[in-house]
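S.K.: Need a 3D model of the following:
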Amino acid sequence: MYIKQSELLWGLDNDFIKEFIDSAMKKTYPEGYKLFNAGDPAEYFYILMKGCVRLRLGDQDRTTYLVEHAGEAFGWSGLVGMPKYSASGECTKETMVMIFAKDFVQEVTENDPVNGMRFYRRLARMLGNRWIHSYNVAIEGVTDGVSYTLEAPEKTESHQDA
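M.R.: Residues are numbered from 1 along each chain as shown. Here you go, the predicted structure:
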């Protein structure tokens, strides 16, 4: 998976994507590794390269969401003004992620308002889809092992495809 294929970056200008990607650290973690706990300072944002991350709200022992598709983003709390992570993230198998500093993401999106707005619009769509999924899980009583595939973003004719 090329990082520019991430739903979050799809269709953004190539210069924006390059600056974004160049800022990332790429790390691989073993099964069982806790990337963050609910309540930890939300200093980083992640994009999955391969593997799987289980997200859990608070102290619940139930999976809220499985991040298992290359290009999926998670750990977004700091990007929307929340000082702490709202969920815990744990690798369910060996997992490779790209890690972005929250401060950098905010800076690069502020420096390029057009692409920054598209980035945050896609982030909002992703979060909305996850909340709908979580609501459906709660109503239907679905348990662990649930994931949700997000719709591909629309292509725009006026900007380069990534």
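
S.K.: hey, let's count contacts and neighbours off CA atoms from now on
M.R.: Noted.

S.K.: Show me what the longest helix along the chain is packed up against.
M.R.: When the chain is parsed with DSSP state H, its longest helix is helix 113-140. Packing contacts for helix 113-140, counted by 3 or more C-alpha pairs under 8 Å, 6 or more residues apart in numbering; DSSP states H and E, involve helix 102-111.

S.K.: roughly how far is the helix it packs on from the heart of the chain?
M.R.: 15 Å (C-alpha atoms, centre = their mean, to the nearest Å).

S.K.: Could you do stretch 97-109 as well?
M.R.: Worked out by C-alpha atoms, centre = their mean, stretch 97-109 lies 11 Å from the chain centre.

S.K.: Return the set of buried residues in that stretch.
M.R.: Buried residues in stretch 97-109, counted by 16 or more other C-alpha atoms under 10 Å: 97-102, 105, 108-109.

S.K.: how about the CA coordinates for stretch 106-116, as PDB?
M.R.: Below are the C-alpha coordinates for stretch 106-116, written out as PDB (Å, rounded to 0.1, in the frame of the first residue of the first chain):
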ATOM      1  CA  GLN A 106      -1.900  20.900  12.400                       C
ATOM      2  CA  GLU A 107       0.900  23.100  11.000                       C
ATOM      3  CA  VAL A 108       0.900  21.600   7.500                       C
ATOM      4  CA  THR A 109      -2.900  21.800   7.200                       C
ATOM      5  CA  GLU A 110      -2.900  25.400   8.400                       C
ATOM      6  CA  ASN A 111      -0.100  26.300   5.900                       C
ATOM      7  CA  ASP A 112      -2.200  24.800   3.000                       C
ATOM      8  CA  PRO A 113      -5.800  25.700   3.700                       C
ATOM      9  CA  VAL A 114      -7.300  24.100   0.600                       C
ATOM     10  CA  ASN A 115      -5.700  20.700   1.100                       C
ATOM     11  CA  GLY A 116      -6.000  21.100   4.900                       C
END
